[in-house]
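Novice: here you go, sequence then predicted model.
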Amino acid sequence: ILGASVSGHIPLTHIFDSHSPSFLRVTGDGDGLSIGGNHLLHLIRRNPDINVLLFNNRVYGLTKGQYSPTSEVGKKSKSSPMGSVDYPLNPLLFALGSEATFVARTTDTDQKHMVETFKAAHAHKGISFIEIFQNCVIFNDKTWEPVTGRENRDEQILLLEEGKPLVFGAARDKGIRLNGLDPEIVTLGEDGASEDELLLHNPKASSLSHANLLAQMSYPDFPTPHGILRQVDRETYEDAVTNQIAVAKSKQGEGDLQELLTGSDFLVVE
């Protein structure tokens, strides 16, 4: 676990069966998107059966509080005392741009939703990428408070449900519809807005357009989507390699390792 101060509330062994053929990688916004960004990109695009949990606390928590790739503009830290001028990287857009077959977001303060998201990722065959909103209580406490705080979450979190319209708000009276190609917030019952006009959530869409649109929605302009943004089927890296080997054997036979090592052309020195 690198790049973020990860405080675990639920043992992962309660969610991910240690006898499962899939693997688990736990990382942070610093390790996954900066130090190991190149490795994570190629891991995702190959689509192995691996679950990636990226804990995002928007700071380098384990190395004493430097700003990270996801820190907001103006973030004051030990490495940016006057405020960061870097535009933050969006982890979900990074995963979607790398063609991840499962992309989701949850928060560590909603354990029920977090466990449900983990289980869905575990059941998915192929790469799964989950961004987890997390506070670093030492160096960046309450960084997600405007979104996940008790007084804010009903109005600021958009819970995604497959096949359901994008509705949110404490009174479930607000929704997201398209205005041309752009999303907009409407209040149901006002200006003739009804649920029939709202976007329906479809994580299984072959196009990335819907998932990309959701990934770009963020505080303060929009509620922040939580749940599964994308979940599609694609041949895994393991299956592709296994099938390739099977085809080669069917055409060329099992082969001989010693012959492969020595070959048929060699010199004898006397």
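Specialist: Thanks, I have the structure now. Numbers count the residues shown, from 1 in each chain.
Novice: tell me where the stretch 151-270 of the chain is predicted with low confidence.
Specialist: Across the stretch 151-270 of the chain, the ranges flagged by pLDDT under 70 are 266.
Novice: do a quick rundown of the helices in it.
Specialist: 153-156, 209-215, 237-252, 257-262 (DSSP state H, counting those that start in this stretch).
Novice: now do the strands in the stretch 151-270 of the chain.
Specialist: Assigned by DSSP state E, counting those that start in this stretch, the strands in the stretch 151-270 of the chain fall at 157-159, 167-168, 174-179, 182-187, 224-231.
Novice: just say which of those strands is most tucked in.
Specialist: Mean neighbours per residue, mean count of other CB atoms under 10 Å, is largest over the strands of the stretch 151-270 of the chain for strand 224-231, with a mean of 23. In short, each C-beta sits where N, CA and C put it, glycine included.
Novice: strand partners (parallel or antiparallel) of that strand?
Specialist: Strand 224-231 has its sheet partners listed here by DSSP bridges as strand 102-107 (antiparallel), strand 157-159 (parallel).
Novice: redo these as CSV? Include distance to residue 150.
Specialist: Shown next, in CSV, are the strands paired with strand 224-231 (distance: least, CB to CB, whole Å):
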stretch, distance to residue 150
strand 102-107, 12
strand 157-159, 12
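Novice: export the helices of the stretch 151-270 of the chain to a markdown table and tack on distance to residue 70?
Specialist: Shown next, in a markdown table, are these (distance: least, CB to CB, whole Å):
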| stretch | distance to residue 70 |
| --- | --- |
| helix 153-156 | 18 |
| helix 209-215 | 13 |
| helix 237-252 | 27 |
| helix 257-262 | 47 |
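Novice: burial measure for residue 101, as a count.
Specialist: 20 (other CB atoms under 10 Å).
Novice: quick one: contacts for it?
Specialist: 47, 124, 126-128, 230-234 (CB atoms under 8 Å, 6 or more residues apart in numbering).
Novice: gap between stretch 140-148 and the chain center?
Specialist: 19 Å (CA atoms, centre = their mean, to the nearest Å).
Novice: start and end of that stretch, how far apart?
Specialist: One end of stretch 140-148 sits 14 Å from the other (CA to CA, to the nearest Å).
Novice: give me the mean pLDDT for it.
Specialist: The average pLDDT within stretch 140-148 is 94.
Novice: wait, which of the helices of the stretch 151-270 of the chain is closest to residue 174?
Specialist: Minimum separation from residue 174 across these (CB to CB) falls at helix 153-156, 8.0 Å.
Novice: so which elements touch that closest one?
Specialist: helix 145-148 (3 or more CB pairs under 8 Å, 6 or more residues apart in numbering; DSSP states H and E).
Novice: list the buried residues in the helix it packs on.
Specialist: 147-148 (16 or more other CB atoms under 10 Å).
Novice: show residues contacting that helix.
Specialist: For helix 145-148, using CB under 8 Å, 6+ apart, the contacting residues are 107, 109-110, 133, 135, 152-153, 156-157, 219-220, 224.
Novice: show the buried residues in those.
Specialist: Buried among these (16+ other CB under 10 Å): 107, 109-110, 133, 135, 153, 156-157, 224.
Novice: distance of residue 54 from residue 46?
Specialist: Distance from residue 54 to residue 46, counting by CB to CB, to the nearest Å: 17 Å.
Novice: more neighbours: these two, which one.
Specialist: A count of neighbours by other CB under 10 Å puts residue 54 above the other of residue 54 and residue 46, at 26 against 17.
Novice: skipping adjacent residues, who's closest to residue 189 in space?
Specialist: In this structure, residue 189 finds its nearest non-sequential neighbour in residue 173, 7.0 Å apart by CB to CB, 6 or more residues apart in numbering.
Novice: that neighbour against residue 188, yeah?
Specialist: Yes. Using CB atoms under 8 Å, residue 173 makes contact with residue 188 at a distance of 5.1 Å.
Novice: more crowded one of the two?
Specialist: Neighbour count, other CB under 10 Å: between residue 173 and residue 188, residue 188 has more, with 18 against 14.
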